[in-house]
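> only geometry, no sequence info:
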């Protein structure tokens, strides 16, 4: 039997905060941009243990119902309105990774 369930997607961000006070303004607003997309934080920490390579200064991981919903959130007017705050206050790498679908 073929599984047609849509796999979840994860937005993974590596963050190096350069202006903490400004970044805090972004951090306070980002959660409200997630609600319409049924997304939630799985990881939001600066406490990563390195086992190989260099760990990012801060890691954020969000889960969405699908890669399409993750992209819709990123492209949404609400998120795009606060993105310049993040851009001014941190260096980031952000990517969407499709997860595995389970029954």
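Thanks, I have the structure now. None of the values given here were measured: they were computed from a predicted structure.
> Residue 60 touches residue 44, doesn't it?
Yes: contact between residue 60 and residue 44 holds when scored by Cβ atoms under 8 Å: they sit 5.2 Å apart. Where you see a C-beta, it was placed from the backbone N, CA and C, and this is true even at glycine.
> What is the longest helix seen in the chain packed up against?
Residue-count comparison of every helix in the chain, with assignments taken from DSSP state H, identifies helix 20-34 as the longest. Under the contact definition 3 or more Cβ pairs under 8 Å, 6 or more residues apart in numbering; DSSP states H and E, helix 20-34 sits against strand 40-45, helix 77-89.
> how about that helix: buried residues?
Judged by neighbour count using 16 or more other Cβ atoms under 10 Å, the buried positions of helix 20-34 are 23, 26, 27, 30, 33, 34.
> got the angle for that helix vs strand 40-45?
With axes from the mean of the first three to the mean of the last three Cα atoms, to 10 degrees as the criterion, the two stretches helix 20-34 and strand 40-45 enclose an angle of 160 degrees.
> Okay, angle between helix 20-34 and helix 77-89 too, please.
Counting by the same axes, to 10 degrees, helix 20-34 lies at 160 degrees to helix 77-89.
> ok, residues contacting helix 20-34?
Contacts with helix 20-34, where a contact means Cβ atoms under 8 Å, 6 or more residues apart in numbering, come from 17, 40-41, 62, 73, 76, 78-79, 82, 85-86, 88-90.
> same thing but 7 Å
Identification of contacts with helix 20-34 by Cβ atoms under 7 Å, 6 or more residues apart in numbering yields 17, 40, 62, 73, 76, 78-79, 82, 85-86, 88-90.
> quick one: average pLDDT of it?
On average, the pLDDT along helix 20-34 is 96.
> now stretch 53-71
On average, stretch 53-71 scores 95.
> ok, the closest residue in space to residue 100 that isn't next to it in sequence to residue 70 distance?
Counting by Cβ to Cβ, 6 or more residues apart in numbering, residue 7 is the residue found nearest to residue 100 once chain neighbours are left out, at 5.9 Å. Taking Cβ to Cβ, to the nearest Å as the criterion, residue 7 is separated from residue 70 by 11 Å.
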